[in-house]
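Student: The following comprises the amino acid sequence and a computationally predicted model.
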Amino acid sequence: MPKWITSTNAFGLYREYRAAPGPSYLPDEKTTLTDFILPQTDGHPSPSVQVSGKDEIEKALLEAVHPFPNLSSFWFRKHHSDHPTNSQSAMAKLKKLLLHPRFKKTDLRDYNESKVDSIIANGLSLPVTQKPSLHVPKAGGWVETSVQIDVPLSTKDSLSPTVPVQVAGLHYRKLTNVIKTSLSNASTMKRVHLEPYRSFWTPPGTTTTERVFDEVYTSDAMLKAHDDLQRQPREPNCDLERVVLALLFASDATHPTNFGQAKLWPLYMAFGNISKYERCKLSLSLMEHVAYFPSIPDDIRDEIRAKLGKAAAKPVITHCHRELMHGIWRIILDDDFIEAWKHGIVIVCADGFQRRFYPRIFTYSADYPEKVLLATIRNLGDCPCPQCYVRKREIHKLGTTRDMELRRTRARVDNEARQNRVSSARGFIYGDQRAPVNSTAVDNLLKELSEVPTLNTFSERLAHLGFNFFAMLVNDWLHEWDLGEAKAVIEHLVRILHACKGGADLIDELNRRFRSTPPFGRDTIRRFRRNVSELKGFAARDYEDVLQCLIPAFEGLLPEPHDTDVCVLLYSMAELMSLAKLRMHTESTLKNLEEAITQYGKLIRRFASNTCPAFETSETPREYEARARRMARKAARGQLETPNAPASQPTVSKSSKTFNLQRYKLHSLGHNPTSIRRFGTLEGYSTMRSELEHRNAKTWYKRTNKTQTSTRQLTALEAVSRNLRKIETAVSNILHAEQLLTAKPSRSQERYEMAESTKRRLAIGGFIREHRGDPAVMHFWERLRDFFITRLRGCRYDGEDTTYSNEERHRLQIKDDVLYQHSHIRINYTTYDVRRAQDSVSLRTSRCDIMVPANDAKLDHPFWYARVLGIFHAFVREEGDGRSEEWSRIDVLWVRWFGLQGGSDSRTMRRLRKVGFVPLEDDGAFGFIHPEEVIRASHIVPAFAHGIEEETIGHSFVQDRDGDYNYYYIMKFVDRDMYMRYRGGGIGHVDPLVRRTSTSADEDQSALASSGEDALSDIPEELGSQDGEDSDTNSETDSENSSGLISDRSEETGSKGDEMSETET
């Protein structure tokens, strides 16, 4: 059957479907620019409800909020659900709700809380015109049951070889019911891709083509599953479209409170047929809560002691944990699910057509301790990897030819030989021999390959259907890099500083440098306010931030050659991290990733063999104190168990710490390229999303009574919340459609967004007189007029190279001789993965550095850099020669230029590029540019090791209070989009190595607007400020001086707190 290939869009992207005529339904067929906006500037999605009048809106709202009697009662209940504790945020939301023109206090008279909550909890949140479907489960679909495990006694004194133990507290939803209810929901179903495809990229102006890897539904695994299904015989008398439904599981235990022993262990499920850009949004709730796992109860030890007359051995308890995990999954993977796997589930989709969906398990995301439970292998055994049989002694060979070959030839497979080994081992334990779990007989069978005597449920239920459960245990970047490799290297570098002569001073200097590192973006790099060296309370994103900023902070602290070696290693780590975390890969970037892994393997081995032995490292003070506390607690417990024993205080001394390369998390890096090719890019199945989903579980837990029945109460709250979200989605779509009837044209398609306020006035003459003699204003007046003349004539301003006569300058009129000041400007840009994102340049913080195209063919670097000193607009016009008498608004940025220093920052040199401020007395030190020339904000960090230019301190009011540093580093690894602008090959970018000659930097935005998508006019106001105003219209008064003109680092507000930015997580 011939393939179906789409036309190529403006970015050079096209799709290749397996067969014509292609998919019957395309979720992204009617996307608008709103749908490409990343979460931190998230707007309302494209409207899915069509209404044409007020009566239709009222009717649609009444149906949408059923079983609530009206919209006001629904909002009132939703507010209660959203805020388990009172806060200022809750107060603000309640105020907004009460002031909404549609909210009526009298409507609450008809609202019966208990009755409506009972209906909602049972899943009957259907419009009044519909009858509940038979497959909607009762009580939100949650089932509570217990799991039986057979604990081996390993003794012949007992009549039975085992003692059965019932582990209570498993709460789960049937997978088939979850699938049916989810896909029957129009808001979910409209996002489902029914048919996979290959995505290709032909760079504009070239004939080369590369495969693109991004989503699960464009991956090799999805294409293979689709082909296998289409070759499978159809169901009798059924000609429905057959669809592979990719199931992505994730589980991770968490503590719902800051103190105490409470524990939640949720299992989540998402659909790989839905775009990762939508699955990552917590607000869309596209991750289903499928189960809450129980843990092994403490009293199991009492039952074993009663049978054996002695305490249970540790291997027995470990065995019980494995048995419990697979006992749970034996319940979840029930007969109905196996039947659906074989014969599919018929579902009426959002477009009204029936289709047959075949569920397939694609990935299971978990941390390493949970992976070994699922893979039924030993925790950190001699073959510690759940994906291959690499030996622990071979892990340090990361990136070598031998290492790559082992991964391919010794991959773990669930075959008959493995199953027979496990069955034989269980025969020793549960048969007449009653051998201990860790007996020689069992170890002889299983230890060599790090296997364990537990029957794997995935193997039992799905192996005969061709499922290899080892393949689902995908890489998890969050635990294996951020909390694994990156953390290990950073911790050992801190130990090395402590081991150096004058280590305390070096640690203080490291902390000072980090505190002086400017933040970047909304929360891409946050302000380092605490001592970084203590690594106290660090989450995964904190280690990521530290690694991205570690080169300038660590440079010069160690003696040579170790200092250079460490900086090269850190550069390699930053590059590897940038490549691995790309949201859109091509064949060339995957090749670069493989090269980066090989390079990192060489450098980390050199670090371990050359740098680390040069320093006698031991525990840091924080590690030492933590170990001392643990030993004291252990001694106290021992004293309680044996009260007659003499009391003794443990003596604790610092222990040595060496850098170990035999770590599973180091080995796992080599599997990333394979995982990306098989299932799509890493963030599509990272545990980062499940960690974020814990917020919901923890919120519901706060509403429970926190007793043994708290999980039961939590699942009821989940059911209520799930059905409230369905109503909220329907209401939101209707209200958004109502707003579109009277919506104003949006400014969000523009290259940048600047306020229209005229409150803050800067008298040009007064400003120049105030700073007379300062080099910053030496040519301010004539160059400002040259800039305005050039823009009025529709030309590009080239700084001091563009000049006019005094006569021409006198013909220029600036209304009232004032500039109108603004505190910040937003720069909209298209990312490498063809999404819309936004940078904010603010004079109130240190986020005021920018990058513009380098229009210099002789330069070996694609960008120029500047620090924004002022953000203005003015109304200007030219006299004479029949020119228009109308005033024209022109926006302008006053900047201080950086100059490039030293050689290039090629990958072979592995050094960041340095810049420095152009000398104050130089004619080109200051200038004016139009905001549309700005590509993005830039993260420019002082090169602390090179010191401050002390002789220039205090020469100008535009300098930092402590003076200018001699050099600054361009932090090209600050985020993935920034890295791709330097590497080149970003699909959403204009190639930075191709010189840009246009007058603006918005070619990429224009390409997005013409990339084959529908109209781009439906852009939410949330991307910009209401009516074009920014905060300076509310907080600033009229001003005739330069107050607030220059960025003041002493007023740094820091970046957002704990809110996750999806752009960088």
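Tutor: Noted; the coordinates are in hand.
Student: Lowest mean pLDDT among the helices and strands of this structure, which one is it?
Tutor: Least confident element among the helices and strands of the chain, by mean pLDDT, DSSP states H and E: helix 1032-1035 (a mean of 40).
Student: Please parse this structure into its domains.
Tutor: 477-637+656-671, 752-1043 (automatic domain parsing).
Student: Including distance to residue 454, could the ones you listed go into a markdown table?
Tutor: For the C-beta atoms, the positions are set from N, CA and C on the backbone; glycine is no exception. Formatted as a markdown table, those follow (distance: least, C-beta to C-beta, whole Å):
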| stretch | distance to residue 454 |
| --- | --- |
| domain 477-637+656-671 | 20 |
| domain 752-1043 | 40 |
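Student: so residue 625 is in which element?
Tutor: helix 621-641 (DSSP states H and E).
Student: Any idea how far the top strand by length along the chain is from the middle of the chain?
Tutor: In the chain, with assignment by DSSP state E, the single longest strand is strand 863-878. On the basis of C-alpha atoms, centre = their mean, to the nearest Å, strand 863-878 sits 34 Å off its chain's mean C-alpha point.
Student: Strand partners (parallel or antiparallel) of it?
Tutor: Strand pairing for strand 863-878, determined by DSSP bridges: strand 812-814 (antiparallel), strand 818-822 (antiparallel), strand 849-853 (antiparallel), strand 888-901 (antiparallel).
Student: wait, which of those strands is closest to residue 215?
Tutor: strand 849-853 (29.8 Å; C-beta to C-beta).
Student: okay, that closest one in CSV with CA atoms only?
Tutor: C-alpha atoms of strand 849-853 as CSV (Å, rounded to 0.1, in the frame of the first residue of the first chain):
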residue,chain,number,x,y,z
ASP,A,849,21.1,41.4,28.9
ILE,A,850,20.1,40.6,25.3
MET,A,851,21.4,39.1,22.1
VAL,A,852,21.0,40.5,18.5
PRO,A,853,22.1,39.2,15.1
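Student: what's the straight distance from one end of stretch 466-476 to the other?
Tutor: 24 Å (C-alpha to C-alpha, to the nearest Å).
Student: Please work out the average pLDDT along it.
Tutor: The pLDDT scores in stretch 466-476 average 97.
Student: Kindly report the same for stretch 956-976.
Tutor: On average, stretch 956-976 scores 93.
Student: ok, now stretch 453-460?
Tutor: On average, stretch 453-460 scores 98.
Student: So what's the gap between it and the chain middle?
Tutor: For stretch 453-460, the distance to the chain centre is 33 Å (C-alpha atoms, centre = their mean).
Student: and if you look at stretch 873-891?
Tutor: That offset, for stretch 873-891, works out to 46 Å (C-alpha atoms, centre = their mean).
Student: Please export the C-alpha coordinates of stretch 387-405 as CSV.
Tutor: This file holds the C-alpha atoms of stretch 387-405, laid out as CSV (Å, rounded to 0.1, in the frame of the first residue of the first chain):
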residue,chain,number,x,y,z
GLN,A,387,17.9,-3.2,30.4
CYS,A,388,21.1,-5.2,29.7
TYR,A,389,23.5,-7.7,31.3
VAL,A,390,26.5,-5.3,31.7
ARG,A,391,28.7,-6.3,34.7
LYS,A,392,29.3,-3.8,37.4
ARG,A,393,33.1,-3.9,36.8
GLU,A,394,32.5,-2.8,33.2
ILE,A,395,30.4,0.3,34.0
HIS,A,396,33.3,2.6,33.9
LYS,A,397,33.8,1.9,30.2
LEU,A,398,30.9,4.2,29.3
GLY,A,399,31.0,5.3,25.7
THR,A,400,33.6,2.9,24.5
THR,A,401,33.1,0.6,21.5
ARG,A,402,33.0,-2.4,23.8
ASP,A,403,30.4,-0.7,26.0
MET,A,404,28.1,0.1,23.1
GLU,A,405,28.4,-3.4,21.7
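Student: Return the set of buried residues in that stretch.
Tutor: 387-392, 394-400, 403-404 (16 or more other C-beta atoms under 10 Å).
Student: quick revisit: okay, the strands paired with strand 863-878 in CSV with distance to residue 922, mean pLDDT and mean neighbour count next?
Tutor: As requested, these are exported to CSV (distance: least, C-beta to C-beta, whole Å; pLDDT from 0 to 100; neighbours: other C-beta atoms under 10 Å):
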stretch, distance to residue 922, mean pLDDT, mean neighbour count
strand 812-814, 26, 95, 16
strand 818-822, 24, 97, 23
strand 849-853, 18, 96, 23
strand 888-901, 9, 95, 19
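Student: Distance to residue 277 added to the ones you listed, as TSV?
Tutor: Output for these, formatted as TSV (distance: least, C-beta to C-beta, whole Å):
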stretch	distance to residue 277
strand 812-814	45
strand 818-822	31
strand 849-853	25
strand 888-901	31
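Student: tell me which residues of the helix or strand containing residue 302 are tucked away?
Tutor: In the assignment (DSSP H and E), residue 302 maps to helix 300-308. Buried residues in helix 300-308, counted by 16+ other C-beta under 10 Å: 300, 304, 307, 308.
Student: how many other residues sit next to the residue nearest to the second one when sequence neighbours are not counted?
Tutor: So that's residue 304. Distances taken as C-beta to C-beta, 6 or more residues apart in numbering place residue 312 nearest to residue 304, at 4.0 Å, with adjacent residues excluded. Neighbour count for residue 312, taken as other C-beta atoms under 10 Å: 19.
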